[in-house]
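**Q** Sequence first, then the predicted structure, then my questions.
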Amino acid sequence: AVSARAAGLVAVITPSHDNPFYGAEADAAKAKAESLGYSAIELSHDDDPAKQYQLVEAMIARGAKAIILDNAGSDATVAAVQMAQKAKIPTFLIDREISVPKVAVSQIISNNYQGAQIGAQAFVKLMGEKGSYVELVGRDSDTNAGIRSKGFHDVIDDYPDLKMVARQSANWKQSEAFSKMQSILEANPKIKGVICGNDTMAMGAYAALKAAGHGDVIVVGMDGSNDVRDSIEQGGIRATVLQPVIQEAETAVVQMDKYLKSGSTGAAEKQLLDCTLIDKTNATKLERFKLSN
Amino acid sequence: MTEQPVLLRVETVSKVYPGIIALQDVSFDVVGGAVNVLVGENGAGKSTLMKVIAGVVQPTSGRMLMDGNEVQFNTRDEAIARGIGMVFQELNLFPNMSVAENIFIGREITRPGRGIDIREQERRAGDYLRQLEADIDPTGMVGDLPIGQQQIVEIAKALAQNARILIMDEPTSALSLAETTVLFRVIDELKARGVGIVYISHRLEELIRIGDFVTTLRDGRVTGGARMAEIDLPWIIRKMIGGEAKDFPKADGHRIGAEVFRAEEITLPSVSGGYKVDHVSLSVRKGEIVGIYGLMGAGRSEFFDCVMGRHTHSAGRIFIDGKLVRECHVSGRIRRGLALIPEDRQREGLVSILSIATNMTMASLARYTSLFHIRREREAAAVSATIRDLSIKAPYPDLPVSSMSGGNQQKVVIAKALMTSPKVLLMDEPSRGIDIGAKADVFRTMRRLAADGLGILFVTSDLEEVMALSDRIAVMSNGRVTRLFEPGEATEDAVVLASSVGHGTHSHSSPASVTP
Amino acid sequence: MSATIQTTRPDVKPAFSLGLQLLKLRTFIALFVVVVFFGLAAPNFASAANVILISKQVAINAILSLGMTFVIITGGIDLSIGSIVGLSGMMAGGLILHGFDTHLGYTIYFNVVETCLITLVLGVLIGAINGWLITKLNVAPFIATLGMLYVARGAALLSSNGDTFSNLVGRKEFGNQGFPFLGEGTILGLPVAIWMMIGLGLVAAYVAVRTPLGRYIYAVGGNERAAGLSGIRVNHVKMVVYMFSGFCAAVVGLVITSQLVAAQPATGETFELTAIAAVVLGGTSMSGGRGTIGGTIIGAFVIGILSEGLVMMGVSTFWQIVVKGLVIILAVVVDQAQRKLQARAVLRQVAKAG
Amino acid sequence: MSATIQTTRPDVKPAFSLGLQLLKLRTFIALFVVVVFFGLAAPNFASAANVILISKQVAINAILSLGMTFVIITGGIDLSIGSIVGLSGMMAGGLILHGFDTHLGYTIYFNVVETCLITLVLGVLIGAINGWLITKLNVAPFIATLGMLYVARGAALLSSNGDTFSNLVGRKEFGNQGFPFLGEGTILGLPVAIWMMIGLGLVAAYVAVRTPLGRYIYAVGGNERAAGLSGIRVNHVKMVVYMFSGFCAAVVGLVITSQLVAAQPATGETFELTAIAAVVLGGTSMSGGRGTIGGTIIGAFVIGILSEGLVMMGVSTFWQIVVKGLVIILAVVVDQAQRKLQARAVLRQVAKAG
Ligand SMILES: Nc1ncnc2c1ncn2[C@@H]1O[C@H](COP(=O)(O)OP(=O)(O)OP(=O)(O)O)[C@@H](O)[C@H]1O
Ligand SMILES: Nc1ncnc2c1ncn2[C@@H]1O[C@H](COP(=O)(O)OP(=O)(O)OP(=O)(O)O)[C@@H](O)[C@H]1O
Ligand SMILES: O[C@@H]1[C@H](O)[C@H](O)CO[C@H]1O
Ligand SMILES: [Mg+2]
Ligand SMILES: [Mg+2]
């Protein structure tokens, strides 16, 4: 603990841990930081930029050495990161990017476009290249939502027999996806597939389908959470895309350590890590967003 | 007296309420420098007419003239602007604000830049209260005052308006003889200053004493108007009820049985020091009516509250039919045969948005319930029976009780208590705001109930009432029973004397100064 | 006052009952309008299957609204039901997944029925705490339940450290299978949730109009002091309504968890607002003493159908929010307007008569 | 309110003034406790820099609470302030970024001062609508403002179709630079937000105790009917308090937007609850008629310091939620308890004396 004090404090700020995705990345970052002799605290901004701003302020006052951040909106976050920068506190972004370069030291994020494309390809195959489907999109203020949607469509739209009958945002939320899915079902009882911007939405959507007796509908998600893994193993949700989020968190901490010691990370600001498809074949090997091989 | 100016003239005003025509083609003059008395049975329309003048209620038809030209008040403040002050039948005070703030509400004394001049307000408030000979602290919270004192604040508030026309709707309903006398002196002073006073009361002897002009209302119509000098009590009564006076039923001809209720050493310490109820012991026998007389603030209501078990920190023992009452909740005590008719029907007697019937059966629902199921037909029967018994004016028992006049609302409260068929009835100012017609009903009911073996304890500030109705009279002062009169033993002088024990300020209230 | 009675008896009575009808119809009309509108606007909206589906979703809000109705009639408010839904869901989920760990080395697994009962008890308990704060420590209902909103939500999140208890199908060896039935199951072709709504609704309606408790609830809301002086145990009555509200919330918690086959700690956020909306749409007055169960149920349907319809028509989420707000306000405005109108109508009648 | 206790008899005055102090001190004590606790528990918590920082963060909730205090004193509630914060932020952001498009082919750009004024007017307008619904259409405050909560939020989202207005530094050619000053700028070393809190606080306090308007606000809350019969324009008073509440919300909207140099439509969600919490912590009663501005400010600080301190200590967010709830309840419980204690103390005195 003494040495930890010596190395200083690292703040790990993410959205609310009620999505295991954030819990996992936060824990990974914290663990890594502590292994490198820092002390770390996990904070959550609940996707509220104003709260995020106050958290950053607080961390500056607290004298944190650096901030690892999964942010609350690509535009509304800039000011907070700039404030930290002014206070000589480097910020390392994970999972979500921000719209302005050279403010954060590095932005280590999943290659959402690539990930979306492999997900979409799997979806197309499962659908047999035809049938009507639904898309559930993430929170608008999160660029990931847009990029993934684009990735999906750049693949799917090449197949004229795949018809999108509804497209709704469920803000990455499980409960919201559930109720939205229920309603969509009423208008379109004969849908064949649902493609989702993340796993929590996939879980919500699948539950709605199952409850309405449509357990056979093809659902594909993105993240690679244990919940979806279990569902895949039981033949519920068909596939998801693993985001290397643990790796992102750990890399961010390592680069932070390097930066604090040498003044540079030795890497480009924006770094994209590729995603991998998860389905029946490799689901068993997945544990808390890590593939053991 | 012919040179007295007419300050305000009401011409053929009508006011219609759902189900009721409160006023019908009423014309009424407010003469300056005189007391214009308005009298009528419950629901005659007195308050409504006054509310029209005060801008609280807008007439359905008709018009008003001030100094010859027509006026129309859409809101209360428009009337105030024209110098019309009013003491409402139901108190209108702010319990969360000081006495001074209450008195000057809407007319704050401000100094440019420095805002409200609190000191000055309190000083002047003190003056008005002194004028009314009430020792009330202007900085005190109104919520902490008993209803009697609150009524005095209400009057002070009206005085502070220096109105040209001052309406008083039953200002003395919660005042004792002493306070009433003081009020009358103040009224005389106002008269002298040329203020036009409208005075409403059900205490007819008061009207005879201070009235200059009298107008009688009945069922929303004016039935008579005259100079007080030219007429007498019977005339008024004829005009207002269209018949002869029903006066107090005689006490004779009923047996008094064994003791049904006994209170021992009831005490209630007061937040403001001392005791509100100071070791009070009283007993009532079957068929007996015991009157509790006292000045306002004597502790009578508090005594009743203790008996009903409304105060957790009160001490003492209560016996019914000689058995100790252990129940400490109101509900338990009602089950043991106690029933209270509270002093303030608006705040404690009625659920005004509920129907007349629901209010009546509220305390006795169990009787119309098998297991947990209410038997509607049984309930309805009981209701209509009671309505007949007490001759309550309720065309439809399903209408909200708020649509009734003050007096009829009071009867509903009494009905509620009676429907629990209690052994002991506690009545706190049961005749408050009730016209003689209704009063006679209530008193006859009290007699009948007594005859049926009920024990009745009733609080009143009306000397005549207590003398006429009580078998025995207990007089309270400062929370203590200062004297207990056995039947036939009481004289007005002795009672008043006992009531002012330890009331230096009230020493002037000897009966001589009261009886005309 | 013989005169008055004559003028009133024969020709005003009809006016009153007419006004009353109007008042009752208000919410029906709203219902009618939304149904017809979406019936035309949204594809296969009126299909039997769809009607059932909608009712099933409405059931959740409707059940919550039942509890809320009584609370509001007593002049109170319960902001904590959303959090109770979340917490009781976690309770059920936790019990099924991990059982109850007696820290004596072994773990007890309850069957589904027991699990449900325990969860319901939890809901009632939380309601009791609300009631206790309000009656014994006289904390304002708004504050007491606002506090509970946070406490219960926090507890739900802590119970799993934010994670979801998923795949709650139970295990043969634990004898706790069958939980999903609540969510998916049907009886005589109707989903369980709908039966619950009907059952609870009928009970609540009966209590409201035919039992002393019901009367007492209205009395307490109308004038607490008078109620107390009439021998009504005001505090008991309040306790009961908050406990019932907690009970309803727990029921909903079970239903939702069973539908999702997963318990998620954030479940139920802002449910309280929708419930309040339904209650008010149903003509219950926030100032207490006035309201009906029937009205509440219809109110719940109006809101449910509305949001369903909008989603089905693919109206943007943002507009959905706006519309929801407008409807809430409109409901009350119309209510008020009708009361006024009614009064006037009667006045004219009497004026003619007198 | 200090004046709630009074005495007519001199002999017990000391006891009362003591109780009075206690009552006043209540919130101070809470403040003292949290400060001392975190001063010890959280590293460099008590540093001057940190004190300013906390005050700056408190300012946002404090300003909202000022408006809320008056509303609650009149016996009302304003649930819409959170959404107003969001909407006015979008308004300011939109004007700076895209100006006002007169659909006559050209666009007007306002300078920062004008932009702020327009935004404030918007806030006051929304408050006026609330007031109008409540007074003219007599919709219950809870419902009117609940509806507005949805409508305003929806409007905010629609205004940018869910997007964020970012990088609001303005442009030289439009002469609308300098907006970030509100958020980052300082005067005499103190951030602008703090000055606003002080300024608005003083004004509000003066109005409350020294002006007729202030008295009327308390009067309306204490006994509305009586207020009307005393010639007070009850509706005017209510209009004013809701408009002021809207004004405060707009101010906060400006401050936050300027801090983030970006306007995000979801900003301000659940702010109303924290504001209510502060008001109640400050000793204002939800039943109206009783409350002080000073108390509210302290209440805001207690809440601010608490959450700030918990963050600094790295307490899990889930626990923070629980704590928040407990504090809200505790505040009122203590308040009530103290009143009781006080009364008892005197009674004991009497017992001794008599
Ligand atoms: N707000 C109202 N709604 C409906 N009816 C009303 C209303 N106010 C008064 N009334 C009716 O108008 C009639 C006159 O009422 P009012 O209060 O003027 O009588 P009153 O002479 O003052 O009786 P009391 O001496 O008992 O006060 C009553 O029959 C009452 O039922
Ligand atoms: N709510 C209260 N708070 C504080 N003191 C009170 C309160 N009510 C009454 N008191 C005090 O208790 C004593 C008795 O008041 P109470 O109202 O019982 O007198 P009363 O004999 O019933 O006269 P009234 O005819 O006015 O009811 C008075 O000294 C009064 O000042
Ligand atoms: O990438 C993350 C994950 O998909 C999460 O599930 C939702 O937020 C996104 O930003
Ligand atoms: Mg009257
Ligand atoms: Mg009394």
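**A** Looks like it came in fine. In this text, all values refer to a predicted model and were calculated from it rather than measured experimentally. Ligands and ions are numbered 1, 2, ... in the order given.
**Q** going forward, measure contacts and count neighbours with C-alpha atoms only.
**A** Will do.
**Q** what does chain A put close to ligand 3?
**A** Selection of chain A residues close to ligand 3 by Cα under 6 Å from any ligand atom yields A:21, A:95, A:96, A:144, A:172, A:198, A:223.
**Q** Out of those, list just those in helices.
**A** Counting by DSSP state H, those place A:21, A:144 in helices.
**Q** Just among the residues of chain A next to ligand 3, which is most surrounded?
**A** The most crowded member of the residues of chain A next to ligand 3 is residue A:198, carrying 29 neighbours; neighbours defined as other Cα atoms under 10 Å in any protein chain shown.
**Q** Which of the residues of chain A next to ligand 3 sits closest to residue C:280?
**A** residue A:172 (31.2 Å; Cα to Cα).
**Q** burial of the closest residue to the closest one other than its chain neighbours, as a residue count?
**A** Distance criterion Cα to Cα, 6 or more residues apart in numbering or on different chains; nearest residue to residue A:172, sequence neighbours excluded, is residue A:138 at 4.7 Å. Burial of residue A:138 is recorded as 24 neighbouring residues (other Cα under 10 Å).
**Q** can you redo the residues of chain A next to ligand 3 as CSV with pLDDT?
**A** Listed next are the residues of chain A next to ligand 3 as CSV, based on pLDDT from 0 to 100:
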residue, pLDDT
A:21, 94
A:95, 96
A:96, 95
A:144, 94
A:172, 93
A:198, 96
A:223, 96
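**Q** now, which of the residues of chain A next to ligand 3 lie within strands?
**A** Among those, none falls in strands (DSSP state E).
**Q** would TSV of the residues of chain A next to ligand 3 with distance to residue C:98 be doable?
**A** TSV is the format used below for those (distance: Cα to Cα, whole Å):
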residue	distance to residue C:98
A:21	22
A:95	32
A:96	34
A:144	35
A:172	27
A:198	27
A:223	25
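**Q** what helix or strand does residue A:18 sit in?
**A** For residue A:18, there is no enclosing helix or strand under DSSP states H and E.
**Q** all helices of the stretch 101-250 of chain B, in order?
**A** Secondary structure of the stretch 101-250 of chain B by DSSP state H, counting those that start in this stretch: the helices cover B:118-131, B:147-160, B:177-192, B:204-210, B:233-241.
**Q** Likewise for the stretch 51-200 of chain C?
**A** Under DSSP H, counting those that start in this stretch, the stretch 51-200 of chain C gives helices at C:81-98, C:112-135, C:141-159, C:181-184, C:192-210.
**Q** List the contacts of residue B:495.
**A** Taking Cα atoms under 8 Å, 6 or more residues apart in numbering or on different chains, we find residue B:495 in contact with B:293, B:475.
**Q** From residue B:459, how far out is it?
**A** 14 Å (Cα to Cα, to the nearest Å).
**Q** now swap in residue A:42 and tell me
**A** For residue A:42 relative to residue B:459 (Cα to Cα), the value is 70 Å.
**Q** Which one of those two is surrounded by more residues?
**A** Ranked by neighbour count (other Cα under 10 Å), residue A:42 and residue B:459 place residue B:459 first, with 25 against 21.
**Q** Three-state assignment for the more buried one, please.
**A** Following DSSP: H, G, I helix; E, B strand; the rest coil, the label given to residue B:459 is strand.
**Q** Show me which of the residues of chain A next to ligand 3 is closest to residue D:336.
**A** Closest to residue D:336, out of all of these and judged by Cα to Cα, is residue A:172, at 43.1 Å.
**Q** thought that closest one was touching residue A:196?
**A** No. If you go by Cα atoms under 8 Å, residue A:172 and residue A:196 don't touch, sitting 9.0 Å apart.
**Q** sorry, back to before: and of the helices of the stretch 101-250 of chain B, who's closest to chain A?
**A** With Cα to the nearest Cα as the measure, helix B:118-131 is the member of these nearest chain A (43.0 Å).
**Q** Show the average pLDDT along the closest one.
**A** Helix B:118-131 shows a mean pLDDT of 94.
**Q** and that helix, C-alpha only, in PDB?
**A** Written as PDB, here are the backbone C-alpha positions of helix B:118-131 (Å, rounded to 0.1, in the frame of the first residue of the first chain):
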ATOM      1  CA  ILE B 118     -41.700  44.300  11.600                       C
ATOM      2  CA  ARG B 119     -41.300  46.300  14.900                       C
ATOM      3  CA  GLU B 120     -43.900  48.900  13.900                       C
ATOM      4  CA  GLN B 121     -46.300  46.100  12.800                       C
ATOM      5  CA  GLU B 122     -45.900  44.400  16.200                       C
ATOM      6  CA  ARG B 123     -46.400  47.700  18.000                       C
ATOM      7  CA  ARG B 124     -49.600  48.600  16.300                       C
ATOM      8  CA  ALA B 125     -50.900  45.000  16.500                       C
ATOM      9  CA  GLY B 126     -50.400  45.300  20.200                       C
ATOM     10  CA  ASP B 127     -52.500  48.400  20.200                       C
ATOM     11  CA  TYR B 128     -55.400  46.700  18.500                       C
ATOM     12  CA  LEU B 129     -55.200  43.700  20.800                       C
ATOM     13  CA  ARG B 130     -55.100  46.000  23.800                       C
ATOM     14  CA  GLN B 131     -58.200  47.800  22.400                       C
END
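**Q** and it, which residues are buried?
**A** B:118, B:121, B:122, B:124, B:125, B:126, B:128, B:129 (16 or more other Cα atoms under 10 Å in any protein chain shown).
**Q** Kindly provide the distance from the first one to ligand 1.
**A** Distance of residue B:118 to ligand 1, computed by Cα to the nearest ligand atom, to the nearest Å: 36 Å.
**Q** Can you list the low-confidence ranges for the stretch 1-150 of chain B?
**A** The model of the stretch 1-150 of chain B has pLDDT under 70 over residues B:1-3, B:18-19.
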